[in-house]
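1. kindly return the folded structure for what I paste below:
(chains A, B, C and D)
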Protein chains: 2
Amino acid sequence: MARTAEPLLDQVYGAIADPTRRAILAVLAGGEATVGTLAARFPISFNGVSKHVKVLERAGLVQRTIHGREHRLTLNPTPLREAARWLEHYRAFWEMRLDRLEAFLAKQQRPTAPGRARQTGKGGR
Amino acid sequence: MARTAEPLLDQVYGAIADPTRRAILAVLAGGEATVGTLAARFPISFNGVSKHVKVLERAGLVQRTIHGREHRLTLNPTPLREAARWLEHYRAFWEMRLDRLEAFLAKQQRPTAPGRARQTGKGGR
DNA sequence: ATATTACTCAACCAAACGGTTGAATGCAAG
DNA sequence: CTTGCATTCAACCGTTTGGTTGAGTAATAT
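-> Predicted structure coming up:
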């Protein structure tokens, strides 16, 4: 039913949950870059960036082609498309559901025949 | 420009990166539930579910109203809307960028009018 | 009043994460 | 061959995470 064990989604959402990683993607959107030029733009160590790149790579969001001694990184938006589709689909479904509930409650509040409109004790703190 | 330090996005993407949490959201999409009824549907402990719910709550994805001794959880798709908007926006931008690059490369490879248009002597590899 | 139910909070654990430093590898030049 | 550059690998560290158990609290049921 609710196909909720999609490992690719885990990887992609996990990848873009980190602000540094989102920033790396943004830089890469401006064109291909090597790990070195990328690292120069960030306040963390070279190896730190290398690790982030590896995470993005595992999520399928960046691709690496080795040219001699440098690794050129390019963006691959395909998994992002999947992730966006999932999110959009569920968002729409959930919002529809909530809207229907709201409409139902509104109808309930002003019923045709009064008789048993009870209020549940509102607690809270 | 590349607004990449949005803590809410971190929370939301981090929340939906976990399959159990996505499953919880899916259950909640079917209507409100208490922590207990929720926990009964999952192979982990009650407290485990409780913790997941807390994460979702911190991301703003579920809301809790305390009715007596039970906590009723409802879905709040608003942050999901934000997240979907961000993802869709960036995805479109990145894909556009890549498409342009592709077009540029195609043009480079087979110029408009066959006849002259020699290559600049840039060796391949 | 006591027991039961519905939870949270606190402590703990192992694994993963984000980050560092210090090798080691592999390619390019002098 | 030696030096230097670009990069990964490996080890380590502190914090977060996903999970557990156990105790505590508040509301309901008996």
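
2. what stretches of chain A score poorly on pLDDT?
-> Scanning chain A with the threshold set as pLDDT under 70 gives A:1-5, A:101, A:105-125.

3. kindly recompute the last result at 90.
-> Filtered on pLDDT under 90, chain A yields the residue ranges A:1-8, A:30, A:77, A:80-82, A:84-125.

4. show me what counts as buried in the lengthiest helix in chain A.
-> The residue-count maximum for a helix in chain A (DSSP state H) belongs to helix A:78-109. By 16 or more other CB atoms under 10 Å in any protein chain shown, the buried positions in helix A:78-109 come out as A:79-84, A:86-88, A:90-91, A:94-95, A:97-98. Where C-beta positions appear, they are placed from N, C-alpha and C, glycine not excepted.

5. where do the strands sit along chain A?
-> Ranges of strands in chain A, per DSSP state E, are A:33-34, A:62-67, A:70-75.

6. for the first one, packing partners?
-> Spelled out, it's strand A:33-34. Where contact means 3 or more CB pairs under 8 Å, 6 or more residues apart in numbering or on different chains; DSSP states H and E, strand A:33-34 is packed against strand A:70-75.

7. residues of chain A that sit close to DNA strand C?
-> A:14, A:17-18, A:20, A:44-48, A:51-52, A:55, A:68-69 (CB under 7 Å from any atom of the strand).

8. name the nearest of the residues you listed relative to B:Leu73.
-> Distance ranking of these against B:Leu73, using CB to CB, places A:Ala17 first at 22.2 Å.

9. excluding chain neighbours, what is closest to the residue nearest the centre of chain A?
-> What sits nearest the mean C-alpha location of chain A, by CA atoms, centre = their mean, is A:Tyr13, with 4.2 Å. Setting aside the residues directly before and after it, A:Tyr13 is nearest to B:Ala17 in space (CB to CB, 6 or more residues apart in numbering or on different chains), at 3.8 Å.

10. return the set of buried residues in stretch A:7-15.
-> Buried residues in stretch A:7-15, counted by 16+ other CB under 10 Å: A:Leu9, A:Asp10, A:Gln11, A:Val12, A:Tyr13, A:Gly14, A:Ala15.

11. is that stretch up against DNA strand D anywhere?
-> No. Using CB under 7 Å from any atom of the strand, stretch A:7-15 stays clear of DNA strand D, coming no nearer than 8.2 Å.

12. alpha carbons of that stretch, as CSV, please.
-> Taking Å, rounded to 0.1, in the frame of the first residue of the first chain, the C-alpha atoms of stretch A:7-15 are listed here in CSV:
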residue,chain,number,x,y,z
PRO,A,7,16.2,3.2,0.0
LEU,A,8,16.9,5.7,-2.8
LEU,A,9,14.5,8.2,-1.2
ASP,A,10,16.3,7.7,2.1
GLN,A,11,19.6,8.5,0.5
VAL,A,12,18.4,11.5,-1.5
TYR,A,13,16.4,13.1,1.4
GLY,A,14,19.2,12.4,3.8
ALA,A,15,21.7,14.0,1.4
